[in-house]
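Visitor: model this:
(chains A and B)
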Amino acid sequence: GAVVSQHPSWVICKSGTSVKIECRSLDFQATTMFWYRQFPKQSLMLMATSNEGSKATYEQGVEKDKFLINHASLTLSTLTVTSAHPEDSSFYICSARETGSFGNEQFFGPGTRLTVL
Amino acid sequence: GDSVTQMEGPVTLSEEAFLTINCTYTATGYPSLFWYVQYPGEGLQLLLKATKADDKGSNKGFEATYRKETTSFHLEKGSVQVSDSAVYFCARTLSGGYQKVTFGIGTKLQVIP
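Guide: Coordinates of the predicted model:
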């Protein structure tokens, strides 16, 4: 089946630093990837849609300068949390849609736990 | 707006018990509906889906029927196993774009031997 990986699986950083999270589709090409954020005991919240070769589309209320998304290839999207603060601590999950698929199934990565001290 | 509401867990059942996890959705647009499952330490996996009213999605003994009249998509399984222990998410596509999906809060299921 389609596999999506994320790296790192967890990261701890100091306040003010930037953290990059990678999302890779391992056995398929993904023109579109999605980035979600999940708080404890809450649902996944869509942050942005990442499109290969073009700018990401951010959901309302998500700061694009805070959460930089780069989708430079058909198998890799990165999310950079810039100048991280403790309130950015969360579980970040990516998903990917296979290029050319007509269905709306998304394949999810295992998530990245970010803790900002 | 587009949203789904599902029962909060955790739900604890004995092995072979009957499972129902309730999910309702807002009646905006013509959404596709999904159940995703997240096993411990793994990513979300699509469990089943239904794309229009009265469709029944089924997989691994789980079933859910797209009920437009009650705006519901309840997940059921006749006999749960310990291996079904996971978090289950109900989801729907957004009206503005079929690619986007919004999720319920997730229901943790624990099945004990």
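Visitor: check which helices and strands the longest strand that chain B contains is in contact with.
Guide: Ranked by residue count and defined by DSSP state E, the top strand of chain B is strand B:86-94. Under the contact criterion of 3 or more CB pairs under 8 Å, 6 or more residues apart in numbering or on different chains; DSSP states H and E, strand B:86-94 touches strand B:4-6, strand B:23-25, strand B:33-38, strand B:97-103, strand B:107-112. To be clear about C-beta, it is placed using only N, CA and C from the backbone, and glycine gets the same treatment.
Visitor: what's the least confident stretch among these?
Guide: Mean pLDDT per stretch puts strand B:97-103 lowest among the helices and strands packed on strand B:86-94, at a mean of 75.
Visitor: run through the residues of chain B sitting next to chain A.
Guide: Selection of chain B residues close to chain A by CB under 8 Å from any CB of the partner chain yields B:32, B:36, B:41-46, B:49, B:89, B:93, B:98-106.
Visitor: filter these to the buried ones?
Guide: Among these, those buried by neighbour count (16 or more other CB atoms under 10 Å in any protein chain shown) are B:32, B:36, B:43-44, B:46, B:49, B:89, B:93, B:100-106.
Visitor: closest to A:Lys14 among those residues?
Guide: Of all these, B:Gly43 has the smallest distance to A:Lys14: 27.8 Å, by CB to CB.
Visitor: give the contact list for that closest one.
Guide: Taking CB atoms under 8 Å, 6 or more residues apart in numbering or on different chains, we find B:Gly43 in contact with A:4, A:6, A:93, A:107-111.
Visitor: all the strands of chain A, residue numbers only.
Guide: Using DSSP E, strands in chain A cover A:4-7, A:10-13, A:19-25, A:32-38, A:44-51, A:57-58, A:67-73, A:76-81, A:90-97, A:107-108, A:112-116.
Visitor: just to revisit the earlier point, which single one of the contacts of B:Gly43 is nearest to B:Glu76?
Guide: Within the contacts of B:Gly43, distances to B:Glu76 taken as CB to CB reach their minimum at A:Phe108, with 23.2 Å.
Visitor: I appreciate the help and will end here.
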